[in-house]
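J.: fold the stuff below for me.
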Amino acid sequence: MKKLYLLFVLFNVTIGFAQNSEALQKIIQQQELDWNKNDMKSFSQAFSEDAILINFLGMYWKGKEEIITQFSHINECCIKPTSVKFEWIDSKTLSENAAVAHIKETLTAKEDYAVPGGMVKKGTVNSKFITAVFEKKNAVWKITSMQVTQVNAPPNKPN
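T.: Numbers count the residues shown, from 1 in each chain. Next up is the predicted model:
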């Protein structure tokens, strides 16, 4: 009987972890849709009120309101002329109320646009990796911390 109970508990835990992963993936899928619709307010709703986002330039944004504000500041120059694709890599449930996920971001320029220090040409594609920490409060998952890392090709070897 103990073995049957243990098997039942393990089965329920496994199902719970799979459901967590599906719920987290839906959040990231919604963020992709929001980015591509150019709706940064909706995009930012995935974050908790006290979330921290460190973008690929190393800028530290604390709190949902600052995240919304910062995205609105860069929207015209750097978000609107792009499209994004988020590819779920993996996730790990840390507890029933905490999980971490890894996502690959592929950003494509839909048109030429200026950024500090240069121009990005239409068709330019760059990749980033995202580490997102999720927390569940009141049965709702939110991103509590996100780190975005630019992927750069290694330097060319001198001839």
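
J.: how close does residue 60 get to residue 51?
T.: Distance, residue 60 to residue 51, using C-beta to C-beta, to the nearest Å: 12 Å. Using the backbone N, CA and C atoms, a C-beta is placed for each residue, glycine as well.

J.: who's more crowded, these two?
T.: Using other C-beta atoms under 10 Å, the more surrounded residue of residue 60 and residue 51 is residue 51, with 22 against 9.

J.: need the contact list for that one.
T.: Neighbour list for residue 51: 62, 63, 64, 67, 142, 143, 144, 145, 146 [criterion: C-beta atoms under 8 Å, 6 or more residues apart in numbering].

J.: who's in contact with the last one?
T.: Looking back up the chat, that one is residue 146. So residue 146 contacts 47, 51, 52, 53, 54, 130, 131, 132, 133 (C-beta under 8 Å, 6+ apart).

J.: ok so residue 71 is a helix residue?
T.: Yes: counting by DSSP: H, G, I helix; E, B strand; the rest coil, residue 71 is located in a helix.

J.: pretty sure it is in contact with residue 79, am I right?
T.: Yes: counting by C-beta atoms under 8 Å, residue 71 does reach residue 79; the two are 6.8 Å apart.

J.: which residues are common contacts for these two?
T.: Joint contacts of residue 71 and residue 79 (C-beta under 8 Å, 6+ apart) are residue 40.
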